[in-house]
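J.: Curious how this folds, go ahead:
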Amino acid sequence: MATGPSDSSEQPIDTYTRLAHLLHTPPSDREALLDRVYEELLTRESHAYAAGWSDALTEARRRRGRRA
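T.: Purely as a prediction, here's the structure:
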């Protein structure tokens, strides 16, 4: 998991810690648990995707700056 500055006011939570919390917090039913886990995975995937694009753009700018 990539770490870096966060726009959120809360501290970042380790993926395993967050998943353990979701699994140990009693949901109202099994479907609710699956919905919560799926939502968490989508959130993590979105952040990772955005971070990857940010890294790629930074590298492209760095390379363009060397050629100028």
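
J.: Remind me what the helix or strand harbouring residue 61 packs against, helices and strands.
T.: Applying DSSP states H and E as the criterion places residue 61 in helix 30-67. Counting by 3 or more CB pairs under 8 Å, 6 or more residues apart in numbering; DSSP states H and E, the packing neighbours recorded for helix 30-67 are helix 15-24. In this view, the C-beta of every residue, glycine as well, is placed from N, C-alpha and C.

J.: distance between the helix it packs on and the chain's centre?
T.: Counting by CA atoms, centre = their mean, to the nearest Å, helix 15-24 is centred 14 Å from the centre of its parent chain.

J.: What of stretch 14-23?
T.: Distance, centroid of stretch 14-23 to centroid of chain: 13 Å (CA atoms, centre = their mean).

J.: Please name the nearest non-neighbouring residue to the residue nearest the centre of the chain.
T.: Central residue of the chain (CA atoms, centre = their mean): residue 44, 3.0 Å from the mean position. In this structure, residue 44 finds its nearest non-sequential neighbour in residue 15, 6.4 Å apart by CB to CB, 6 or more residues apart in numbering.
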